[in-house]
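**Student:** model the structure of this input:
(chains A and B, ligands or ions: 1)
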Amino acid sequence: MDDRSFVAAQDFLLASKTFWTKRLYPEIRQTYEDAAEKAASKPQDPADVAALLDGDTLYRYFSWLERHLQRFKYAGRYGLVPYHDERRAELSASLRNTSAELAPDLEMPNYYQRVDIHQHPGGVWSDELDGYVYERGARSTTPLMGAAHADLHHRFTELVASRGEPENILDMGCGFGKSTHPFCRKFPAAQVEAIDLSGPCVSLGAHNAGEAPNVRFRQMNAYDTDYDDNSFDLVTSTMVIHELPPTEMKQFFAEAARVLAPGGRMAHLDFYAIDGPFARFIHYGHGRRNNEPFMEPLAEMDMQASLAELGFTNIEVIPFQEAEGLSLTSHDAWRFPWTVIYAEKAVD
Amino acid sequence: MRISDTLIEDRPEQTFFEDPALDRAFGVVMALATEVYVQRNRMRALERQLEVAGVIENGDLDREPSDEERLAEAEDRDAFVEGLMINLLGKQQAKGAS
Ligand SMILES: C[S@@+](CC[C@H](N)C(=O)[O-])C[C@H]1O[C@@H](n2cnc3c(N)ncnc32)[C@H](O)[C@@H]1O
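**Tutor:** Residues are numbered from 1 along each chain as shown, chains lettered A, B, ... in the order given. Sure thing, here's the model as predicted:
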């Protein structure tokens, strides 16, 4: 497929998703509010919302489009996967001399293999070009932000920086380094370790990092690392914890606690603070339709209690604005419930 | 690769409509809409360039093509049809909940 056709098709899909975001979503919200007003009792949880929207035609189209626009984006005739596959020779050559530390024998966890995350066929790890596929796909995950998607990581880095200057940073689940690079630039004197299960992703991360002297990309399981106890004063992750099942998520936080020095901080950008049953219903539906099955257990988890149990203090759940000027409470358009989970390892 | 390479045999696609036929049919509609937009985008770009170069004037593209020209398009036509029809199979292309 030629580049113009690919871009035209992807632009069409993104424009359709934008219509979905700005026009269909507020309609569904209105339908729900009208029904909730007439209901015998106030909806309390996502199941009550589901009962009210059950059978609504527009909601059916809303759901269909959420699932299938994503399918087309990755696996359609003009999808990311066939597009990159046709450019395999050149792209794979670019990764051949990667400085990333690969671990070909690393065992991929069951949850990682069982579901192809966000409908990326084969997941972000099973094909050498998956880093490239994911990188290109990430340009259009949040239609409202468009080119400003970089804003998200930048703003997160700024938030972390406003609370101190780290020297040793671990980015867990770094992907192709979109979350890592802002930290490397913001803290040029720090050593940054970037780890991810996906070999293709860390390879691309190292490729993109070029000659940056203060970062190392390594293929490693974030909840089972080879770092010594107390090695970092900052552990971060971006859009990773919602990919983990409850048991692995717990191990992930425990591993963060282990490798952090006493008084060290951890900051995770993910989806957690969700206001009201309608927002929950929409978010859980998103997880199901987008092949992200652990959105719901994450959102239902008692963060304060779980982190306190692992020895964290000053635990904060901070609703997060992904771009300048967006309202956290407006219902004009669909948005992710971005949240920063922030805590410190207790000094005992 | 062909798009059918990503079909997963044991994962029926999620359905949202009362009749799953509509789920599949709407996939065909959206695939077609994508194709229409791709063509439209290309045609507009082409016509702009040809006009700027003074190669075409209004009406040049409207005449019926030769049989030879139609045969030469067969492979492209088959790929077009696959992108359209694969929706009817109702299979996931990325493993997830059904
Ligand atoms: C949505 S991506 C986010 C990547 C990156 N942090 C960013 O913001 O662009 C989630 C990443 O988590 C990785 N991941 C999932 N489970 C993991 C685990 N147990 N250990 C390390 N990485 C993991 C995936 O391979 C994927 O690259």
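
**Student:** give me the neighbour count for the residue in the stretch 101-250 of chain A that chain B sits nearest to.
**Tutor:** Chain B sits closest to A:Asp116 of the stretch 101-250 of chain A, with a gap of 3.5 Å, by CB to the nearest CB. Any C-beta I mention is one placed from the backbone N, CA and C, and that applies to glycine too. For A:Asp116, the count of nearby residues is 25 (other CB atoms under 10 Å in any protein chain shown).

**Student:** so which helix or strand takes in the residue lying closest to it once chain neighbours are set aside?
**Tutor:** Distance criterion CB to CB, 6 or more residues apart in numbering or on different chains; nearest residue to A:Asp116, sequence neighbours excluded, is B:Ala94 at 3.5 Å. Using DSSP states H and E, B:Ala94 sits within no helix or strand.

**Student:** one more: A:Asp270?
**Tutor:** Assigned by DSSP H and E, A:Asp270 falls in strand A:260-271.

**Student:** immediately after that strand, which helix or strand?
**Tutor:** Immediately after strand A:260-271, counting by DSSP H and E, sits helix A:276-289.

**Student:** does that following helix reach chain B?
**Tutor:** Yes. For helix A:276-289, a contact with chain B is found by CB under 8 Å from any CB of the partner chain, at A:Arg288, A:Arg289.

**Student:** who are the neighbours in contact with the residue of the stretch 101-250 of chain A closest to chain B?
**Tutor:** When contacts are counted by CB atoms under 8 Å, 6 or more residues apart in numbering or on different chains, A:Asp116 touches A:Gly122, A:Gly123, A:Asn291, B:Ala94, B:Lys95, B:Gly96.

**Student:** now stretch A:219-228: buried residues?
**Tutor:** A:Gln219, A:Met220, A:Asn221, A:Ala222, A:Tyr223, A:Thr225, A:Tyr227 (16 or more other CB atoms under 10 Å in any protein chain shown).

**Student:** contact partners of it?
**Tutor:** Taking CB under 8 Å, 6+ apart as the rule, stretch A:219-228 contacts A:100-103, A:106, A:109, A:170, A:172-173, A:193, A:195-199, A:202, A:237, A:240, A:244, A:248, A:251-252, A:254-255, A:259.

**Student:** from those residues, list just the buried residues.
**Tutor:** Of these, these count as buried by 16+ other CB under 10 Å: A:100, A:103, A:170, A:172-173, A:193, A:195-199, A:202, A:237, A:240, A:244, A:248, A:251-252, A:255, A:259.

**Student:** now, which of those lie close to the ligand?
**Tutor:** A:Gly173, A:Ile195, A:Asp196, A:Leu197, A:Ser198, A:Val240 (CB under 6 Å from any ligand atom).
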